[in-house]
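Peer 1: Need coordinates for the following:
(one chain, ligands or ions: 1)
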Amino acid sequence: MTISPSIMTTYGRIDIAFTHGEGSYLYSEDGKKYLDYASGIAVNAFGHCHPKLVEALKDQASKLWHISNLYRIPEQETVAEKLVENSCADRVFFCNSGAEATEGAVKVARRFAWANGEKDRTEIICATGAFHGRTLAMLAANDRPLFREGFGPSAQGFTHVEWGDIESLKNKIGKHVAAILVEPVQGEGGARKAPRGYLKLLQDISAENGSLLISDEVQIGMGRSGTLFAYQQENIEPDIVALAKGLGGGFPVGAVMAKAKVGDAMIPGTHGSTFGGNPLAMRSANAVLDLLLEDDFLKSLRENITYFDNKMDALINDDDKVSPVILCKKGSGMLRGFHLTEKFAAGDFGNISREKGLLLVGAAENTIRLLPPLNTSKEEIDHAFEILSEVVKEIKKN
Ligand SMILES: *Cc1c(COP(=O)(O)O)cnc(C)c1O
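Peer 2: Sure thing, here's the model as predicted:
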C-alpha cells in the first residue's frame, strides 16, 4: 500500500497502519503484534487504551467536549490545581501541543520583563542540540538550521550556547536576556542528559542576571524522568515549565506553568487558545495525573528505571568488544538511547528492531531512542532486551 497523495508529504512515514493497541502493545492491519517502545514519541505515557483513560474520555465525551475559554472550565481548574500542588509553579496556561507550550513559555518570559519596565530584555538563550518545536519562532530556538531552510526570515531574539558549557553561557548572558530555555534531557537532540549541576548553574546565573529559567519538559516531564518533573532531580525551581507529550496520555494537551509573579504578567487578552484546556483534554490530563500520583507509582517506576538501566549495561557488555555496535548508553529515566558506532546507522537498527516486533525512535547523534510507556512491566522490558540483543547481532550481518 502506498500512502494517499492527498496527505502532504511532510513525513517520511513507515508503511504500517495499526488497528488497535492495548497496554504496551500495538497490532497492525496485517495482524502483527509490536512492543511499542516509541509510545507515539513519548506521548502514550500509560500505553494504549489504559482503562482509566478510556473511562475518563468516554464519560466526558457523552457530557461536554468543548466550550472555549470564554467560560469557566472546572475540569481545567482541577488539573491546574493538581499541577500546582505537585510542582514549584503557581499558574498554568493550557494549550494543545509542545511547540505551543514552549512558544507560550517564551511569550510569558518576555512579557514578564516588559511588565517590569525592561523593554529591551527580550533575548532567549538556547542550547546546541536543542529542539523546541516547529512553529516559526521555535525554528529559531532549535539548533537545527535545516529546519529553517526555505521558511523566510528567522524570528529575532534567539541565540545558542554550547550544551553543558557554562563558560559559553557566561559570554552571552546580559541584561538583554529574558530567559534561558533548556531541556533537562534533550530528546530529539539524541537523548542527552544535562551534566549534573548544569541546570543549577543555569538557574543561579539567570537569577543573578535577572533572567528567567524555562525548563522545556515537553518530552521528559510528566514522570518520564522518574520524578513528576525532571527539574526536581536537580534541586532547582525553574520560573517556567513547558509540558505536553505525556500530559494527555495520547490526547493533545500542552501546558505552560509559571511562578506566580511571572505568570501574573499575563493579564486578560495577552495570550489565548481556542481549544486549549477543553473538557475532553482536561479529563485525559486529569486521568494521567491521577495515575502518576497514585501511591508508589513513581517509586515503582524508579525501580523499573534501574532495572532498565542494568539491562542497557548488560546489552553493552555482551556487545562485540573489538567492533561494537553500541558506543554508549544515553539519556535518563525512561527517555533512553543507544549511541551507535559510526559503522551502523540508527535508522537501520530501528528497521531491524521493528521487523522483530519492537518499535523504537531515532534521534540525532546516530542515536536509537527507547521511550517505553511509564507503566511497562519488567517482563516487557525483558522481552524488549531479548529483541535488542538479536538486533545487535543481526545489524552486523547487513
Ligand atoms: C516534541 C517536543 C516539542 C514540540 O512538541 P510538538 O507537540 O511536536 O509541537 C518541544 N520540545 C520538546 C523538548 C519536545 O520533545
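
Peer 1: C-alpha only now, for contacts and for neighbours.
Peer 2: Noted.

Peer 1: Any idea which residue of the protein lies closest to the ligand?
Peer 2: Across the chain, the shortest distance to the ligand (CA to the nearest ligand atom) belongs to Gly98, at 3.1 Å.

Peer 1: Which strands and helices lie in contact with the host helix or strand of Ile125?
Peer 2: Element membership of Ile125 [criterion: DSSP states H and E] is strand 123-127. For strand 123-127, the packing partners by 3 or more CA pairs under 8 Å, 6 or more residues apart in numbering; DSSP states H and E come out as strand 158-161, strand 177-182.

Peer 1: could you give the mean pLDDT of the helix or strand following the longest one?
Peer 2: Tracing the chain past strand 177-182, the next element assigned as helix or strand by DSSP H and E is strand 185-186. With pLDDT averaged residue by residue, strand 185-186 scores 98.

Peer 1: List the contacts of the helix or strand following strand 185-186.
Peer 2: The first helix or strand that comes after strand 185-186 along the chain, using DSSP H and E, is strand 192-193. Contact with strand 192-193 is made by 184-186, 330-332, as judged by CA atoms under 8 Å, 6 or more residues apart in numbering.

Peer 1: hmm, the following helix or strand past the strand holding Ile125 in reach of the ligand?
Peer 2: Per DSSP H and E, strand 123-127 leads on to helix 136-141 as the next helix or strand towards the C-terminus. No - remark: helix 136-141 sits outside contact range of the ligand, by CA under 6 Å from any ligand atom, the gap being at least 8.5 Å.

Peer 1: Packing partners of helix 136-141?
Peer 2: Packed against helix 136-141, as judged by 3+ CA pairs under 8 Å, 6+ apart, are the following elements: helix 98-115, helix 145-148, strand 158-161.

Peer 1: among the ones you listed, where is the model least confident on average?
Peer 2: The minimum mean pLDDT among the helices and strands packed on helix 136-141 belongs to helix 145-148 (a mean of 94).

Peer 1: Pull out the buried residues from that one.
Peer 2: Arg148 (16 or more other CA atoms under 10 Å).

Peer 1: Buried only: go through the contacts of strand 192-193 for me.
Peer 2: With burial judged by 16+ other CA under 10 Å, the buried subset of the contacts of strand 192-193 is 184-186, 330-332.

Peer 1: And those residues, which is closest to Ala314?
Peer 2: Using CA to CA, Lys330 comes nearest to Ala314 of the buried ones among the contacts of strand 192-193, at 14.2 Å.

Peer 1: Show the contacting residues for the closest one.
Peer 2: In this structure, Lys330 makes contact with 190-193, 336-339, judged by CA under 8 Å, 6+ apart.

Peer 1: Return the set of buried residues in the helix ranked longest in the chain.
Peer 2: Counting by DSSP state H, the longest helix found in the chain is helix 297-318. Within helix 297-318, the residues that count as buried by 16+ other CA under 10 Å are 297-298, 301-302, 304-305, 308-309, 311-312, 315-316.

Peer 1: Going C-terminal from it, what's the next secondary structure element?
Peer 2: Moving toward the C-terminus from helix 297-318, the next helix or strand (DSSP H and E) is strand 326-332.

Peer 1: what's the next secondary structure element after that next one?
Peer 2: Using DSSP H and E, the helix or strand that follows strand 326-332 towards the C-terminus is strand 335-340.

Peer 1: Show me what whichever helix or strand comes after that next one is packed against.
Peer 2: Sequence-wise, the next helix or strand downstream of strand 335-340 (DSSP H and E) is helix 346-355. Judged by 3+ CA pairs under 8 Å, 6+ apart, the packing partners of helix 346-355 are strand 361-363, strand 367-370, helix 378-395.

Peer 1: Can you tell me the strand partners of the helix or strand following helix 346-355 and which way each runs?
Peer 2: Per DSSP H and E, the first helix or strand lying C-terminal to helix 346-355 is strand 358-359. Sheet pairing here is set by DSSP bridges, and for strand 358-359 it gives strand 33-36 (parallel).

Peer 1: May I see the buried residues of the strand it pairs with?
Peer 2: 33-36.

Peer 1: interface residues of the stretch 201-350 of the chain facing the ligand?
Peer 2: Selection of the stretch 201-350 of the chain residues close to the ligand by CA under 6 Å from any ligand atom yields 216-219.
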